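A.B. asks: below are the sequence and a predicted model; questions follow.
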Amino acid sequence: MINRILIRIRVIQIVYAWYQNRDKDLNQVEREFLLGLQKSYDLYYYFLQLMIELTDLHEERVSTKKNKFLPTDEDLNPNMNIINNQFINQLRNNSMFVSYIANRPMSWESNRSFLRGLLDDILLSDVYKEYAQIEKPTYSDDKDFWRKSFRTFIQRNEKLDEILEDESIFWNDDIEIVQSFVIKTIKQFKKTEGEDYQLLPMFNDDEDRDYATTLLRETLANAKEYRELIAKNADNWDFERIAYMDVVIMQVAIAELYTFDSIPIRVTLNEYIDLAKSYSTPKSSTFINGVLDAIVTELKKEKPFFKN
């Protein structure tokens with residue numbers, strides 16, 4: 001689940017923070033880095049938990065209405081589609097989900113007011129009205145309801161984003177990426193696999209896990225060499241005047257160029273140029289593109305077989 005885009009962002013952030021405050025040794029930096037990646041994976045489960053807790057809140061409301069002093073016919077005969085949703089019941093009992101929540105407990109209880117408002121929005125929506133009209137929803141109908149609800153009411157929800165950013169400093173840049181993986185999970189859930197359906201792993205494979213730690217280590221271990229390369233190829237620029245975030249982005253990019261032969265040069269350049277557009281100044285991407293291109297040209301002259 002934690003893809004290389006998210007890893008690159010995390011490495012840039014942790015390297016930038018380390019240069020601002022060098023009280024931590026490199027082992028501490030690496031532990032903090034891995035903690036940040038773990039928190040990103042927590043967010044994936046936190047969003048899955050959100051759908052379950054919304055379902056539970058709806059069931060509580062239905063039960064309360066049934067048991068009030070003078071219930072209406074609607075109170076006594078509520079629509080049960082959300083409560084009986086097959087996808088949610090399968091997710092609730094999923095072995096990976098149950099195990100993860102048991103080991104790393106999380107809950108939306110402290111945001112009960114937000115949950116109530118979110119549930120109200122869902123129940124008043126056309127998405128729900130269409131779903132409620134289905135007499136006997138299929139498994140596909142049940143998944144489709146939560147996919148549409150997640151896209152419509154949870155993705156790009158500013159109030160939700162604020163809550164998450166307040167809860168963890170690690171989640172500021174994760175929300176959009178992790179939400180896309182939740183949507184992917186809903187789509188890919190299979191009824192036939194029951195409780196054993198495999199949720200997305202923290203890393204796709206050992207190669208991605210190694211990529212994360214190696215990129216961080218190489219960036220910091222070879223900082224002097226990489227910064228000299230940047231200074232040498234930043235035409236007519238005093239190194240001290242280059243935006244600090246630009247230096248960090250290029251330093252991480254050079255570490256990737258040097259270390260990972262399997263990643264094409266153009267892929268590396270494009271990824272870090274794109275990151276510069278989000279994390280540095282408006283002109284940074286063009287500047288970084290020029291410097292990295294010059295560095296690659298120099299490396300190819302010195303090492304003719306460099307990434308050929």
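C.D. replies: Received the coordinates, thanks. These numbers come from a predicted model, not from an experiment. Numbers count the residues shown, from 1 in each chain.

A.B. asks: where does the stretch 201-308 of the chain have low pLDDT?
C.D. replies: In the predicted model of the stretch 201-308 of the chain, residues 304-308 satisfy pLDDT under 70.

A.B. asks: go again using 80 as the cut-off
C.D. replies: Applying pLDDT under 80 to the stretch 201-308 of the chain flags the ranges 235-240, 302-308.

A.B. asks: ranges for the helices of it?
C.D. replies: 206-221, 223-233, 244-259, 265-279, 284-302 (DSSP state H, counting those that start in this stretch).

A.B. asks: which helices and strands does the fourth one pack with?
C.D. replies: Just to be clear, that refers to helix 265-279. Counting contacts by 3 or more Cβ pairs under 8 Å, 6 or more residues apart in numbering; DSSP states H and E, helix 265-279 is packed against helix 4-20, helix 244-259, helix 284-302. (Each C-beta comes from the backbone N, C-alpha and C, glycine too.)

A.B. asks: hmm, who's touching that helix?
C.D. replies: 4-5, 8-9, 12, 245-246, 249-250, 252-253, 256-257, 260, 284-285, 288-289, 292-293, 296, 307 (Cβ atoms under 8 Å, 6 or more residues apart in numbering).

A.B. asks: in that helix, what's buried?
C.D. replies: Using 16 or more other Cβ atoms under 10 Å as the burial criterion, the residues of helix 265-279 that qualify are 265, 268-269, 271-273, 275-276, 279.

A.B. asks: next: the third one.
C.D. replies: Neighbour counts over helix 244-259 (16+ other Cβ under 10 Å) mark 245-258 as buried.

A.B. asks: what do you get for the shortest one?
C.D. replies: Along helix 223-233, these residues count as buried under the neighbour rule (16+ other Cβ under 10 Å): 223, 226-227, 229-230, 233.

A.B. asks: measure stretch 237-251 end to end?
C.D. replies: End-to-end distance for stretch 237-251: 16 Å, by Cα to Cα, to the nearest Å.

A.B. asks: looking at it, Arg227 is touching Gln251, isn't it?
C.D. replies: Yes: contact between Arg227 and Gln251 holds when scored by Cβ atoms under 8 Å: they sit 6.5 Å apart.

A.B. asks: need the longest helix for the protein.
C.D. replies: helix 26-66 (DSSP state H).

A.B. asks: after that helix comes which helix or strand?
C.D. replies: Going down the chain from helix 26-66, the next helix or strand is helix 73-76, by DSSP states H and E.

A.B. asks: and that following helix, what other elements does it pack with?
C.D. replies: Secondary elements touching helix 73-76 (3+ Cβ pairs under 8 Å, 6+ apart): helix 26-66.

A.B. asks: remind me what the helix it packs on packs against, helices and strands.
C.D. replies: helix 4-20, helix 73-76, helix 86-92, helix 95-103, helix 112-123, helix 175-188, helix 206-221.
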